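[1] Following is a predicted model, sequence given first.
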Amino acid sequence: MEDRVLVVGGGAAGMEVAGRLARSGYKVTLTEKESLTGGHIRNWFHLFPDRRDSLEVLSYLENQVDHGNITLLTSTDVEGIETRHGSFLARTADDREIEADAVVLATGFDLFRSERKEEYGYGIYDNVISSADLEIMFRKGEIRRHDGEIPQKIGFVHCVGSRDEKVGNVYCSKLCCVAAVKQAMEVREYLKDAKVFCFYMDIRMGGALYEELYRESQEKYGVNYIRGKVSEIAENINGRLIVKVEDTLAGRPLKMELDMLVLMAGMEMSEGGRKIAEYAGLKTGENRFFAPADHHFGSNRGNLRGVFYAGTCTAPMNITESISHARAAAADVIEYLSNGRR
Amino acid sequence: MEKFGFTLLKARFIDYDANDRSIAEFIYSKEPSFRVCIECGCCAATCTTGKYTRFSLRELNILMKRGENSLVRNKIRECMLCGKCTLVCPRGVNTRNVIALAREAYRKEQDNAV
Amino acid sequence: MKAEGKKRVWADYQKDIADDHFFYVRSCIRQTFFPGSEQFFLHLMRKVLGKDVLENPSHTSCTGIGYHSDIVPLRTIMAVVARHFALMKESGYKNIAISCVTSFGIYTEILETWKHFPRELEQTREDLFKATGREFDIPENVAHTSDIIFKFRDEIAQKAKYRLVNRDTGKPLRGVEHIGCHYAKMFPKHGVGGAEFPRVLSGMIESWGGEIVDYPERRHCCGFGFRQYLVQANRGYSLSNTAKKFESMKPFRPDFVLTNCPGCNMFMDKWQYTIKEMDGTVYGEKGESIPILTYEELAGLVMGYNPWDLGLQLHMVQSEPLFRKMGIEFNPDDKYKTKDGRQMPVPQNLINS
Amino acid sequence: MQFDPFIIPFNIGLYFIVIYAVVRSVMWFRDLSRQDKLRLQRGFFGRSFGRSIREIFMESLIHRKILKADLRLGYMHMSLAFGWFLLILFGTLEADIFGSSHLNPPYKSIFFKFFNPDHGRTGLEAAWSFWMDLILAFILSGLILAVIKRLTPKVVGMKKTTKLRPLDRVALTSLWLIFPSRLLAESFTSGAYGTGSFLTGSLGSWLASFLPANEMAYPFWWLYSLSLGTFFVLLPLTRYMHIPTELFLIFARNSGIRTGDKAGAFTEMQAYSCSSCGLCIDACQLNFSAGITNIQSAYLMKGIRNRESVTDITFNCLMCGRCDQKCPVGIELTPVRMIQRRSGEPVPPEKGIIRKYFPGKPEYRTDTTTARPSYNFLPSPAAGQAEVLYFAGCMTHLAPSIRNSMVKILDASGVRYKFIDEDGGVCCGRPLMLAGQDKEARELINYNSQLIRRSGAKKLVTSCPICYKIFRESYYLDIEVVHHSQYIKYLIEEGLIRLSFLRKRVVYHTPCDLGRGSGVYEEPKKVLKHVAQLLKTEFEDENSLCCGGSLGNMKISQRQKQSIASDAAAALTKDDPDILATSCPLCKKTLAAATTTKVSDIAELVAEAIVLPGIPGIKSGRLAQKKEPVSL
């Protein structure tokens, strides 16, 4: 088999699809714009729902791409794809060209930039942090306020940059809820006396074992849930954060002081994916992610024949789903190439 | 004082930090299932008392958790403890004990104040 | 608090403010209650900065108070606003400078409406023409007068005689900036610095040497609210909102409050008096209330104008404590004298004097 | 005069306990209500005296009930109690017959061997000695079992044993020492004098073969006396107080005194009569299905005796009444628990040794809440006139198929009835009572009573055993109250409804409040036999299980309830019946969630089996429009 496949993006989906294709005998070029593969998993400490160390998943993925048929190009930013004589030519930011017979886009997602939700004061108030910042603290094993104090009251704001027309994202990022639950529990493990509050619009626990985790967080960890979207955050004279929210279940506005607030940033179409979509004329949906050819049975195919999608470049997904989606993409690619590119 | 024809109104918001949440803490300690309520309202929908008067255990639960006790103190006495709520609760909250404990706590609170 | 964070936000909300040739529209409340402010704005623009500002005596109220009280319908107020644009067109001006935040909100709201619903614009053209025979153009630049002062804040700082610094301690004075709700909350892109962390007033305070106080209820409404205020029975709502703001800023011990909205200025000023009368509560230090200033008044003060010429004695809360802190020379005897030196009656119950 | 200083501890103990028992009895008697005093006086001198004596013999000495429940455990209790009784009886006779004088002080008979070491050599003496040795051996065999039980409860057939307080340990040790020390004291004395029978004699001669028997005997006589004395003195402070109290209790009970609904001397006597035998623990489903082992009646009684806070124990009980059936002393455990629920938190007793011996009446924190009614939002009770009232009850409304079935049955019977809580009614009040909130319950009782009275009905039918029990016991109604099982039986027997046979194998689960709680066992089974084949279970009637859903328990979690329910359901469906039938909506709901076998109320089965009369034109009537029962 002489067929060459280009996989753009070295995160969970990209690594999985590259490994599958390589083991099926295809020559695979895997590009990653960063210097290391692994994508967002690298920034995460423990994963939900079982709170395993992300490094375990990372090492599984690294094993996947450790194969002779794979050419791994890190620090390679693919900017666009063109069709040429029935095959593809990808152009990188530093003007290199990569040829391929099929392309799998696994460009993933970008975390919503929390500062865009101005009323929450991310980047302005010292103790407003993002979920990603908190993972770094977990990895360090030290949760501290900006002034070095150990926080005793910590809030989590769900749906930051998700289900929010004001920032242009009407969709649900699906995983922030369970991530908040997981992080809330971990905070309670690190800080035994701390009180933890989750401010949510809906609790969306759609994944396997998610609801169980939610229940455990209430039962064992005493996490407090307050239904209501945080409207604004301010600092009082002691540098504590004042959160305003309507406790919609009590039907009254509620005000409380917190030592630290974590913003559960949602998922957005990655900047890299957006550029490729624009360059190659690939369709995107209202959510700005790649629009699959069919939502039920064509979620790996795009509007351009020979271009496939894997993972979160099509919609928010967890790691399990990303890997499954990537395997499906591999199967799709193999069928495409072995059926005379149809 | 000047007569202006209007006055300063009491703020309507729940001042979480200033409120006394000891009643809820007491119930948590004696009946841990109180924590797992997800405010679905099943209890209020089936409530025997709810047929006759505005009584929602769901609402009272959340108010206790927020320390808004003044509303709950007398309202909680309207429950007939018939147990339908316990039977319908999808989360297995021991709602009857929650109510019994709440009544006990408010009674103790009153006794101490006297 | 990270200053860079705010700067990044401000960078997203840069607003084009015309440099010269303004068509000026007044504020009903300001010209009645703080006439010195509008007077000084014209003086500053024309005499100090040498700008061309036209004030057409035929312009009217924008009728925003009527509109927000459900008395004036949208179609009517659009015609009123269109008439102002027609006056502007007739005078050959393209930049409008609006003194009132309510008006500013009305103008921006109407302009946005016309943008999204062109049929409304056509209807308004027709209405105005039928009623007055006039025609109008959409202005090229819409600015609130606080935007213009913001634009020239550094020029003002250069000409300043005083700085917003405590003369005794040398420390910057702490200023609360209060932005009118209709300035940027409806359309953040039309306000300098956006809606969450507006820059328009904080920029002035910082340029003139002061320090910004960021307190929890900074974003909260002053409590004006047309319907809340106009009906006496509802005024408790208005008053309570003001009290909420002052309770929140009190621990920060602000030396003054700077506003850019006529209503805010009036209510934060007069409700302080009311609350003091009701239960004796004051929000400043040493039993004093907090002076509430317009941006023109503050500009005039730092530039060394006589406070009485700026009309500061017309406030309910007197600003003498601020003068003392800034080291401003003033003559208390002249406070209630006419221009030609006659003594006017002295008001009772003024606070801080 | 025969005397030795070692008898002093025994004498002190004996006179102490005798005086104490008299004083305490007088105190209890004084605390009884006037009627109860009269009852006791009449009972003591009346016919019930004989019954009491018989019961004392059968239960306090022979321990018949424990023997029935568990042979080994029964033997243990019997050997100690009956054996000791025999020892005292025959010891006294021995001293009287063979001693130097008649009518001896008790120590003479207890320490007979010491004062008469030569006794037992020949003839009748030897035979008597043999008999005395046999009794001692009997006791010792029980003692060995008791020691084994303490170490490994399973050997005597018990799953759990009660936990001990330090004072109990001392008393227990002294009790354990009594008989071995007597054995050794008598053996050494026998060894020295060459007397004694098969036990003391042979042990004595063997010991004397290598030990100075005469010198060794004396310390053991001291030990014997000391352990007796210690035991007697400590007895009022320990669970062994049950020995004298039980006698008093048996007389009181046979005189017709009952627990009632207020705490008092009788409740207290019952608490003191508990020997902590632990049968209630074994009977308790919370123990064997939910792993809760610290709340059973024995612990409650201990808590009451020791004036401890028993709130958590009190409310953690299904109130199923299984323990009442098992209690060998016949303590009315569930009623006592009800009293405790009502009383609230006890005031901690004063400290001090006198207080320990004479604890006085327990005090409870009085409820200072205002007497403001809780249910003044209820509308004024209004019901139409009818002969028969049907009250479904809250729980039945959660099991609409039962309600619909009852409507179908009642409609088919042609009885003129009124469904008083057709769209929900006011709770009967029993759940509040179970939660100890009697004042509130009384408000609901008054409300429903008025509703019922105003209807002028003669009969009240209810589907819920919880309601049934309180309607009968705590409502003062001039109306016949029947459970629907009873009423259906009546309808069948009167020929008001005709049933077909369903050809199904059915197991019947007796609901606690209907069975043990109200004594209705036969009617539901008779009804079932009309419509299906009724199978037997291991858990019939008094021995029936609780479904776990009981409103009596305020404390257990949903999961614990579920595990009780699945155990009960598994036990009942062992023979794989087609239907697990019950006659309580709460049991139905609870069991249905715990088994794959179809669970039905008898009303549903009867409704299914009902044969509607083929009257022309009935199709357009109310009957035909009734929906078939919906199965949940």
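    Arrived safely.
[2] Low-confidence bits of the chain, can you list those?
    Here I'm looking at chain A. A:1 (pLDDT under 70).
[3] my bad, chain B
    Residue ranges of chain B with pLDDT under 70: B:1-2, B:113-114.
[4] how about the residues of it near chain D?
    B:33, B:46, B:48-49, B:51-53, B:77-78, B:80-84, B:87-89, B:92-94, B:96-97, B:100, B:103, B:107, B:110-111, B:114 (C-beta under 8 Å from any C-beta of the partner chain). Placement of C-beta: from N, CA and C, glycine included.
[5] Pull out the buried members of the residues you listed.
    B:33, B:46, B:48-49, B:52, B:77-78, B:80-84, B:87-89, B:92-94, B:96-97, B:100, B:103, B:107 (16 or more other C-beta atoms under 10 Å in any protein chain shown).
[6] that older thread, sitting in helices, which of the residues of chain B next to chain D do you find?
    B:46, B:84, B:87-88, B:96-97, B:100, B:103, B:107, B:110-111 (DSSP state H).
[7] dump the residue contacts of D:Ala441.
    Applying C-beta atoms under 8 Å, 6 or more residues apart in numbering or on different chains to D:Ala441 gives the contacts D:429-430, D:432-433, D:470, D:474.
[8] Quick one: the residues you listed as a markdown table, columns for secondary structure too.
    Shown next, in a markdown table, are these (DSSP: H, G, I helix; E, B strand; the rest coil):
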| residue | secondary structure |
| --- | --- |
| D:Gly429 | coil |
| D:Arg430 | helix |
| D:Leu432 | helix |
| D:Met433 | helix |
| D:Ile470 | helix |
| D:Ser474 | coil |
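[9] Grab the two from the residues you listed that are most spread out in space.
    D:Leu432 and D:Ser474 (10.7 Å; C-beta to C-beta).
[10] So which of the two has more stuff around it?
    Neighbours per residue (other C-beta atoms under 10 Å in any protein chain shown) separate D:Leu432 from D:Ser474, with D:Leu432 holding more: 26 against 18.
[11] in the host helix or strand of A:Lys255, what's buried?
    Assignment of secondary structure by DSSP states H and E places A:Lys255 within strand A:252-258. For strand A:252-258, the neighbour count (16+ other C-beta under 10 Å) marks A:252-258 as buried.
[12] Other residues contacting the helix or strand following that strand?
    Following strand A:252-258 in sequence order, the next helix or strand is strand A:260-265 (DSSP H and E). If you take C-beta under 8 Å, 6+ apart as the criterion, strand A:260-265 is touched by A:111-114, A:117, A:120, A:122, A:125, A:127-134, A:143, A:145, A:151, A:153-161, A:176-177, A:179-180, A:183, A:233, A:241, A:243.
[13] Show me what secondary structure element comes after strand A:260-265.
    Downstream of strand A:260-265 (by DSSP H and E), the next one is strand A:267-269.
[14] ok now whichever helix or strand comes after that following strand, how far from the chain's centre?
    Downstream of strand A:267-269, the first helix or strand assigned by DSSP H and E is helix A:271-280. For helix A:271-280, the separation from the chain centroid amounts to 18 Å (computed by C-alpha atoms, centre = their mean, to the nearest Å).
[15] Run through who's touching the helix or strand following helix A:271-280.
    Counting by DSSP H and E, the next helix or strand C-terminal to helix A:271-280 is strand A:307-309. Applying C-beta under 8 Å, 6+ apart, the contact partners of strand A:307-309 are A:81, A:88, A:102-106, A:280, A:282, A:290, A:292, A:299-302, A:325, A:329, A:332-333, A:336.
[16] hang on, the earlier thing: please convert the contacts of D:Ala441 to JSON lines, extending it with distance to D:Ile135 and pLDDT.
    Compiled in JSON lines, those are given as follows (distance: C-beta to C-beta, whole Å; pLDDT from 0 to 100):
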{"residue": "D:Gly429", "distance to D:Ile135": "55", "pLDDT": "95"}
{"residue": "D:Arg430", "distance to D:Ile135": "51", "pLDDT": "96"}
{"residue": "D:Leu432", "distance to D:Ile135": "54", "pLDDT": "95"}
{"residue": "D:Met433", "distance to D:Ile135": "50", "pLDDT": "94"}
{"residue": "D:Ile470", "distance to D:Ile135": "51", "pLDDT": "96"}
{"residue": "D:Ser474", "distance to D:Ile135": "51", "pLDDT": "93"}
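[17] of all those, which comes closest to D:Val520?
    Looking across these and measuring by C-beta to C-beta, the closest to D:Val520 is D:Ile470, at 14.2 Å.
[18] What is the burial count for that closest one?
    D:Ile470: 28 neighbours (other C-beta under 10 Å).
[19] With the one 10 residues further on instead?
    Residues lying near D:Glu480 (other C-beta under 10 Å) number 14.
[20] swap in the one 10 residues further on?
    Neighbours of D:Tyr490 under the rule other C-beta under 10 Å: 18.
[21] same question, the one 10 residues further on
    Taking other C-beta under 10 Å as the criterion, the count of residues near D:Ser500 is 11.
[22] Pull out the buried residues from the host helix or strand of D:Phe220.
    Following DSSP H and E, one finds D:Phe220 within helix D:213-234. Residues of helix D:213-234 classed as buried by neighbour count (16+ other C-beta under 10 Å): D:213, D:216-217, D:220-234.
[23] again, but for stretch D:199-218
    D:199-201, D:203-205, D:207-208, D:213, D:216-217.
[24] Not counting its neighbours along the chain, what's nearest the residue in the stretch 501-632 of chain D positioned nearest to chain C?
    Distances between the stretch 501-632 of chain D and chain C by C-beta to the nearest C-beta are smallest at D:Ser557, namely 41.8 Å. Distances taken as C-beta to C-beta, 6 or more residues apart in numbering or on different chains place B:Ser33 nearest to D:Ser557, at 6.2 Å, with adjacent residues excluded.
[25] ok, the residue of the stretch 501-632 of chain D closest to chain C touching B:Asn94?
    Yes: counting by C-beta atoms under 8 Å, D:Ser557 does reach B:Asn94; the two are 6.6 Å apart.
[26] Quick check: neighbours shared by those two?
    Joint contacts of D:Ser557 and B:Asn94 (C-beta under 8 Å, 6+ apart) are B:Ser33.
[27] For D:Gln285, see how far away D:Gly291 is.
    The gap separating D:Gly291 from D:Gln285 is 11 Å, by C-beta to C-beta, to the nearest Å.
[28] More neighbours: those two, which one.
    D:Gln285 (21 against 9).
[29] ok, that one touching D:Ser544?
    No: D:Gln285 lies out of contact with D:Ser544 (C-beta under 8 Å); the separation is 10.8 Å.
[30] shared neighbours, these two?
    Joint contacts of D:Gln285 and D:Ser544 (C-beta under 8 Å, 6+ apart) do not exist.
[31] Quick check: buried residues in whatever helix or strand C:Leu87 lives in?
    Taking DSSP H and E as the definition, C:Leu87 sits inside helix C:74-91. For helix C:74-91, a neighbour-count test (16+ other C-beta under 10 Å) marks C:77-89 as buried.
[32] Kindly report the same for stretch A:262-277.
    Buried, per 16+ other C-beta under 10 Å, within stretch A:262-277: A:262-270, A:272-277.
[33] again, but for stretch D:291-299
    Using 16+ other C-beta under 10 Å as the test for burial, stretch D:291-299 gives D:292-293, D:295-299.
[34] Quick one: end-to-end length of it, please.
    Using C-alpha to C-alpha, to the nearest Å, one end of stretch D:291-299 lies 15 Å from the other.
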